[in-house]
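In: Got a predicted model here, sequence first, then my questions.
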Number of protein chains: 2
Amino acid sequence: MRQPVGRPRDGRVDGAIAAAARELLAEQGYAQLTVDAVAARAGVGKAAIYRRHPTKQAMIFAAVMHDLELETPPDTGSLATDLAAVAHVIATTLSTPPPGVVPGLLADVHADEGMAAAFAGTFVRAERECVTEVLDRAVARGELPSRPDPARVHAMLLGSIFAWLFLLLEDPARLDTLANTLASDVARLLTGKGDGP
Amino acid sequence: MRQPVGRPRDGRVDGAIAAAARELLAEQGYAQLTVDAVAARAGVGKAAIYRRHPTKQAMIFAAVMHDLELETPPDTGSLATDLAAVAHVIATTLSTPPPGVVPGLLADVHADEGMAAAFAGTFVRAERECVTEVLDRAVARGELPSRPDPARVHAMLLGSIFAWLFLLLEDPARLDTLANTLASDVARLLTGKGDGP
DNA sequence: GAAGTATCGGAACTCATAGTTCCGAATCGT
DNA sequence: ACGATTCGGAACTATGAGTTCCGATACTTC
């Protein structure tokens, strides 16, 4: 594996593009973002952008996913509290980007085969691992007899929060409360134990 | 309220626009749809389209929502089966449009204040009424002591199905199974009774 | 060093398309 | 008949994605 010939890419350019894109996303909104504006803000030629990303959508995808850290929360000792931690991670991930970015990105993901694969392989996969890990812990503790389908649990957690924010357009201020009750609901569902509705 | 002067609008034009838009959406996909193509397919001038819809996005929104019937399913006798019926209505609504249309429309809704209001006032409101009605029935039957927050139940049902289809990119063939287990899960959650996980 | 290659910022360019405007003809109320 | 608004159709403007070229720079290879 030799280093390729020619002038190597300047790593700072990648960072400048991502930073400029995120800034403009926050300032102007998703639909108003133009590649020229990103290039100007980053102090970079448009060619440098298209050398790194095949389309504008891929550039935004990379910029938004860039500083997206999805680590499995530490073991809190019980399924209910573990699920609450995961729910809060998901809630933070979805509510952090500027308005319109998450729905816009999702539309782009569904319009491009490659981006769909990237989305499934990064965001979905990382979140799924969190869910699976938390469920495995509960099985190890003896809270659960066997591991439920992680996909179904994932759908409930991610879906409810996504729907709250982007489908039902409910109050984001009540997001923390939703995440908590949601986690306890799912825990109750899986263990069969009732803390009462 | 008198009829306005001038030539009245031809009602068939509205239908032709909506039909052409839905056809092209199915044939070419959301991102490839152009207003010129819709006008040509509908046998209509572009001016006729923009006389009815302020933007391309609003035209698509109207076309997709046009034949969207969201009626509350009939009383099936129990909360669990009622919820299953609602879940299947939601699943059908989300899986019927051509690929990419639902995410694309959602992005447009979040990019325009007016469309967001229309979305909340039609789709969300109609679905919410279904959920509320089903919960009220359960209270009347004595299955539930009091009515839970419809928004939370709605978020679980709609969110889980949406996530399955558009976030987790799971197999749409398993959608019916998901809707059924989801409904029984939510019913178990609300009543506190356990049919076992 | 010299040659070759890929990068850089920047500018100019092509092309697709959203939205507007105008046309002559048709259809309504007054 | 007259005025207002519609119709299909075509021409037009404006914007922005993506491409191409430029001279300069940085790196590998010979």
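Out: Done, it's in. Residues are numbered from 1 along each chain as shown, chains lettered A, B, ... in the order given.
In: How about the residues of chain A by DNA strand D?
Out: A:2-3, A:5-8, A:32-36, A:45-47, A:50, A:55-57 (CB under 7 Å from any atom of the strand). Any C-beta I mention is one placed from the backbone N, CA and C, and that applies to glycine too.
In: Make a ChimeraX selection of the buried ones in those.
Out: A single ChimeraX command selects the buried members of these (16 or more other CB atoms under 10 Å in any protein chain shown):
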select /A:33,35,56,57
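In: Select from the residues of chain A next to DNA strand D every entry located in helices.
Out: Those of the residues of chain A next to DNA strand D mapping onto helices are A:35, A:36, A:46, A:47, A:50, A:56, A:57, per DSSP state H.
In: For these, give me TSV that also has pLDDT.
Out: Formatted as TSV, these follow (pLDDT from 0 to 100):
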residue	pLDDT
A:35	98
A:36	98
A:46	98
A:47	98
A:50	98
A:56	98
A:57	98
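In: And the helices in chain A?
Out: Going by DSSP H, chain A shows helices at A:11-28, A:35-42, A:46-52, A:56-66, A:79-95, A:101-111, A:113-119, A:125-141, A:150-162, A:175-191.
In: Report the contact partners of residue A:126.
Out: Each residue near residue A:126 by CB atoms under 8 Å, 6 or more residues apart in numbering or on different chains is listed here: residue A:70.
In: if I look at the residue lying closest to residue A:181 once chain neighbours are set aside, how far off is DNA strand C?
Out: When the adjacent residues along the chain are set aside, residue A:181 lies closest to residue B:152, with 7.0 Å between them (CB to CB, 6 or more residues apart in numbering or on different chains). For residue B:152, the distance to DNA strand C (CB to the nearest atom of the strand, to the nearest Å) stands at 36 Å.
In: Next, give phi and psi for the closest residue to DNA strand C within chain A.
Out: Here chain A gets closest to DNA strand C at one residue, residue A:6, 1.8 Å apart by CB to the nearest atom of the strand. The phi/psi pair for residue A:6 (degrees, to the nearest 10) reads phi 90, psi 170.
In: So which bits of chain A are right by DNA strand C?
Out: A:4-10, A:13, A:16, A:43-48, A:51.
In: Relative to residue B:21, which of these is nearest.
Out: For the residues of chain A next to DNA strand C, the residue nearest residue B:21 by CB to CB is residue A:46; the value is 33.1 Å.
In: wait, isn't the closest one in contact with residue A:37?
Out: No. The criterion here is CB atoms under 8 Å, and residue A:46 misses it with residue A:37 at 10.6 Å.
In: The ones in helices among the residues of chain A next to DNA strand D into TSV, with extra columns for distance to residue B:78?
Out: Below are these laid out as TSV (distance: CB to CB, whole Å):
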residue	distance to residue B:78
A:35	55
A:36	59
A:46	61
A:47	64
A:50	58
A:56	51
A:57	46
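In: Between all of those residues, which two are separated the most?
Out: A:47 and A:57 (17.9 Å).
In: quick revisit: residue A:94: which of the residues of chain A next to DNA strand C is nearest?
Out: Nearest member of these to residue A:94, counting by CB to CB, is residue A:16, at 26.4 Å.
In: Could you say which of the helices of chain A is packed most deeply?
Out: helix A:150-162 (a mean of 25; mean count of other CB atoms under 10 Å in any protein chain shown).
In: for that one, packing partners?
Out: Helix A:150-162 is packed against helix A:79-95, helix A:125-141, helix A:175-191, helix B:150-162, helix B:175-191, with contacts defined by 3 or more CB pairs under 8 Å, 6 or more residues apart in numbering or on different chains; DSSP states H and E.
In: Of all those helices, which one comes closest to residue B:78?
Out: helix B:175-191 (7.9 Å).
In: Between the residues of chain A next to DNA strand C, which sits nearest chain B?
Out: The shortest gap between chain B and any of these belongs to residue A:46, at 21.3 Å (CB to the nearest CB).
In: who are the neighbours in contact with the closest residue to the closest one other than its chain neighbours?
Out: Distance criterion CB to CB, 6+ apart; nearest residue to residue A:46, sequence neighbours excluded, is residue A:39 at 4.7 Å. Listed by CB under 8 Å, 6+ apart, the contact set of residue A:39 reads A:20, A:45, A:46, A:48, A:49.
In: Point out where chain A drops to low pLDDT.
Out: For chain A, the stretches with pLDDT under 70 are A:1-2, A:194-197.
In: One more pass at 90, please.
Out: Confidence mapping of chain A against pLDDT under 90 gives the ranges A:1-4, A:6, A:66-71, A:192-197.
In: Once you drop chain neighbours, what's closest to residue A:101?
Out: Using CB to CB, 6+ apart, the nearest residue to residue A:101 is residue A:30, at 5.2 Å.
In: what sits against that neighbour?
Out: A:60, A:98, A:100, A:101, A:103, A:104, A:105, B:107, B:110, B:111.
In: tell me the contacts of the last one?
Out: For residue B:111, the contacting residues are A:29, A:30, A:31, A:100, A:104, B:57, taking CB under 8 Å, 6+ apart as the criterion.
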